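Participant: What would the 3D arrangement of this be:
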Amino acid sequence: MAVRMRDVARLAGVSEATVSLALSGSPRISEPTRARVAEIARRVGYRPHAGARALRTDSTGALGLVVSDVANPFFAELAGQIERIAAAEEYSLVLCNSDEDAARQDGYLSSLLAGSRVDGVILVPAEAMTPGIKAAASAGANLVLLDRPVTVRGRDAAATRLRDAPVVRGSAAGALADVAELLVGLGHRRVGVIPPPVSNPVGRERRDLLVEALRRHGLAGGDIAVEPGDFRQHSGERAVERLLRRRRPPTAVFAGDGLMAIGAMKALRRAGLRIPEDVSLVGFDDAPWFDLLDPPLTTVAQPITELAAAAVRAMLALLRGEPSLAAAPPCRLVQRGSHGAPPHRNDAKKGTTS
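Facilitator: Numbering: from 1, shown residues only. From the prediction side, this is the model:
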């Protein structure tokens with residue numbers, strides 16, 4: 001039976017695209033990787049088909065970027081930074097917006113990777129795992145996961161490649177610990193938490209990190225009310241409405257996404273509540289215009305420039321057949337004007353009772 005390119009890729013521990021580039025003498029592939037691929041191809045007797053070799057180009061010079069919601073300020077700014085850094089490396093960028101729709105995401109993955117339209121895809125997964133992600137991994141596509149990891153199960157080739165795929169995302173633990181310390185230090189004893197969907201690893205992580213930090217500061221289970229959202233503004237509004245209907249509504253709300261924080265702010269105002277005099281509000285993700293809000297939003301800022309640079313570096317390493325490591329630069333708490341002492345503390349300062 002004839003030896004195929006996928007056999008060489010498997011033995012060399014690289015993608016089929018890397019094998020193709022290495023055997024064509026591409027300068028994008030490091031010399032050690034090129035030599036290793038060539039030696040394995042010689043040893044197993046692989047000979048590229050002349051017609052297929054003629055149809056293959058050295059490189060498309062393009063990268064795919066699939067984001068989950070281009071209307072989200074975080075992803076809009078992140079995409080702009082990635083485009084700028086990729087252009088400096090002489091790569092063009094094909095931007096696709098899944099709109100938090102897994103089927104749409106999978107369609108873009110299939111379109112980008114079919115016929116080698118791009119050399120690799122930087123992907124913000126709409127869901128933890130989809131057939132399209134698994135198919136891309138099975139095909140040996142160069143994938144970098146950005147902001148959101150995927151939960152990998154099984155021991156097949158696709159699962160192994162996904163476990164090895166570099167993940168670039170902000171480290172939120174320290175910043176969320178700072179959020180808990182800030183709110184409890186101000187005197188808040190009832191905190192509402194609006195995480196992204198807990199079916200998503202990011203949603204579970206932001207919920208768990210903040211809840212655990214609040215408990216370390218002495219809040220019990222009943223003091224912490226969790227109402228998940230879905231990364232959309234309207235879900236932040238609905239979650240706040242549910243929180244305010246509780247017998248003991250929270251005096252502080254954390255929204256685990258920028259758009260949900262805007263929705264939370266809108267719902268609090270609609271209920272006639274002042275921020276931060278009646279309810280404090282803290283968000284997650286920052287935007288250049290968040291400090292222009294009234295009040296300016298206290299939020300956890302992700303290191304967008306560092307994330308963009310790390311994602312492009314990880315992809316270039318994959319394309320060169322070099323080790324491509326994950327990256328997790330730290331997030332930071334940006335304190336502005338939407339947090340303050342709870343109402344009973346404010347009243348006590350005025351000499352009144354709550």
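Participant: lowest-confidence helix or strand of the protein?
Facilitator: helix 50-55 (a mean of 42; mean pLDDT, DSSP states H and E).
Participant: just checking, next helix/strand downstream of it?
Facilitator: Downstream of helix 50-55, the first helix or strand assigned by DSSP states H and E is strand 62-67.
Participant: okay, the angle between the next helix or strand after that following strand and strand 62-67?
Facilitator: Sequence order places helix 73-88 as the next helix or strand after strand 62-67, per DSSP H and E. Computed by axes from the mean of the first three to the mean of the last three C-alpha atoms, to 10 degrees, the angle separating helix 73-88 from strand 62-67 equals 170 degrees.
Participant: what is the rounded mean pLDDT of helix 73-88?
Facilitator: Helix 73-88 shows a mean pLDDT of 95.
Participant: tell me how far it is from the chain's mean position?
Facilitator: 13 Å (C-alpha atoms, centre = their mean, to the nearest Å).
Participant: Quick one: list the elements packing against it.
Facilitator: strand 62-67, strand 92-97, helix 258-270, helix 304-319 (3 or more C-beta pairs under 8 Å, 6 or more residues apart in numbering; DSSP states H and E). For every residue, glycine as well, the C-beta is placed using N, CA and C.
Participant: Restricting the selection to alpha carbons, write that helix to CSV.
Facilitator: C-alpha atoms of helix 73-88 as CSV (Å, rounded to 0.1, in the frame of the first residue of the first chain):
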residue,chain,number,x,y,z
PRO,A,73,-15.9,45.0,22.3
PHE,A,74,-13.3,42.6,23.7
PHE,A,75,-13.3,40.4,20.5
ALA,A,76,-13.4,43.5,18.2
GLU,A,77,-10.3,44.9,19.7
LEU,A,78,-8.6,41.5,19.9
ALA,A,79,-9.3,40.9,16.2
GLY,A,80,-7.8,44.3,15.3
GLN,A,81,-4.7,43.6,17.3
ILE,A,82,-4.2,40.1,15.7
GLU,A,83,-4.7,41.6,12.2
ARG,A,84,-2.0,44.2,12.9
ILE,A,85,0.5,41.7,14.3
ALA,A,86,-0.2,39.1,11.6
ALA,A,87,0.3,41.8,8.9
ALA,A,88,3.7,42.6,10.4
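Participant: Quick one: residues in contact with that helix.
Facilitator: 63, 65, 67-70, 92-93, 95, 122, 124, 146-147, 257-259, 285-289, 302, 304-305, 307-309, 311-312 (C-beta atoms under 8 Å, 6 or more residues apart in numbering).
Participant: if we go to 6 Å?
Facilitator: Residues from elsewhere that reach helix 73-88 (C-beta atoms under 6 Å, 6 or more residues apart in numbering): 63, 65, 67, 69-70, 93, 95, 258, 285, 287, 304-305, 308-309, 312.
Participant: Just name the closest of the residues you listed to residue 274, please.
Facilitator: Proximity of those to residue 274 (C-beta to C-beta) peaks at residue 258, which lies at 21.4 Å.
Participant: Confirm for me that the closest one is in contact with residue 282.
Facilitator: No - here residue 258 does not reach residue 282: they are 11.5 Å apart, not a contact under C-beta atoms under 6 Å.
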